[in-house]
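Novice: I would like to see how this sequence folds:
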Amino acid sequence: SSRDPIMSWVDLTYSPIYSSASTSGTSGCKNWDFGYERYTEYVLRQFLKKSHEQFLSETVQGQGPHIEALSRLMACPHSSMDVFSKMLTDHRQQTIEIFSKSSQSKDFLTELRLWMQNKPELRDKCLLS
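Specialist: Here you go, the predicted structure:
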């Protein structure tokens, strides 16, 4: 996996069409960083909205494909997967509480980034921490 957030997303989608469109379609765009940030936030929220039950179950178990997918969406290298999983397990109670509210994905992403900032390996290696 690349340290480039676009390529991390491409790794998840396995879509040659997406990679071609995302690189050529944004070439020279003045607001690319702003647009990419908004798009990434949208993708993260949609992922959590659609898979929160499975994600919660895996958080309690400490592992699973949804945790790995979230790690990849946060642009973390594969080598940080164990630290990412343990961080989520350590914060499983807060995660459950957040997902019991209606504004779950936005609140969870805010907390997730704070948790990641407190873990040097994630703060220094994950591009979306």
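Novice: what number of residues lie near K119?
Specialist: 18 (other CB atoms under 10 Å). All C-beta atoms are positioned from the backbone trio N, CA, C, and that covers glycine.
Novice: Look up the closest residue to it, ignoring the ones flanking it.
Specialist: Leaving aside its chain neighbours, K119 sits nearest to M87 (5.6 Å; criterion: CB to CB, 6 or more residues apart in numbering).
Novice: Quick check, that neighbour in contact with L122.
Specialist: Yes. Contact criterion CB atoms under 8 Å: M87 and L122 qualify, at 6.8 Å.
Novice: ok, S79 - contacts?
Specialist: By CB atoms under 8 Å, 6 or more residues apart in numbering, the contact set of S79 is K125.
Novice: shared neighbours of M87 and L122, which are they?
Specialist: Common contact partners of M87 and L122 (CB under 8 Å, 6+ apart): M116.
Novice: Settle it for me: which of these two has more neighbours?
Specialist: It is L122, of M87 and L122, that has more neighbours when counted by other CB under 10 Å, with 22 against 19.
Novice: so who does G62 touch?
Specialist: With contact set as CB under 8 Å, 6+ apart, G62 has these partners: S85, K86, L88, T89.
Novice: tally of neighbours for the last one?
Specialist: Right, T89. T89: 16 surrounding residues under other CB under 10 Å.
Novice: what's the helix or strand for it?
Specialist: Assigned by DSSP states H and E, T89 belongs to helix 81-90.
Novice: Past that helix, which element shows up next along the chain?
Specialist: Counting by DSSP H and E, the next helix or strand C-terminal to helix 81-90 is helix 92-99.
Novice: Give me the angle between that next one and helix 81-90.
Specialist: 70 degrees (axes from the mean of the first three to the mean of the last three CA atoms, to 10 degrees).
Novice: Just the buried residues of helix 92-99, please?
Specialist: Across helix 92-99, burial judged by 16 or more other CB atoms under 10 Å covers T95, I98, F99.
Novice: Out of those residues, which is nearest to M116?
Specialist: T95 (13.3 Å; CB to CB).
Novice: I'd like the distance between that closest one and S105.
Specialist: 12 Å (CB to CB, to the nearest Å).
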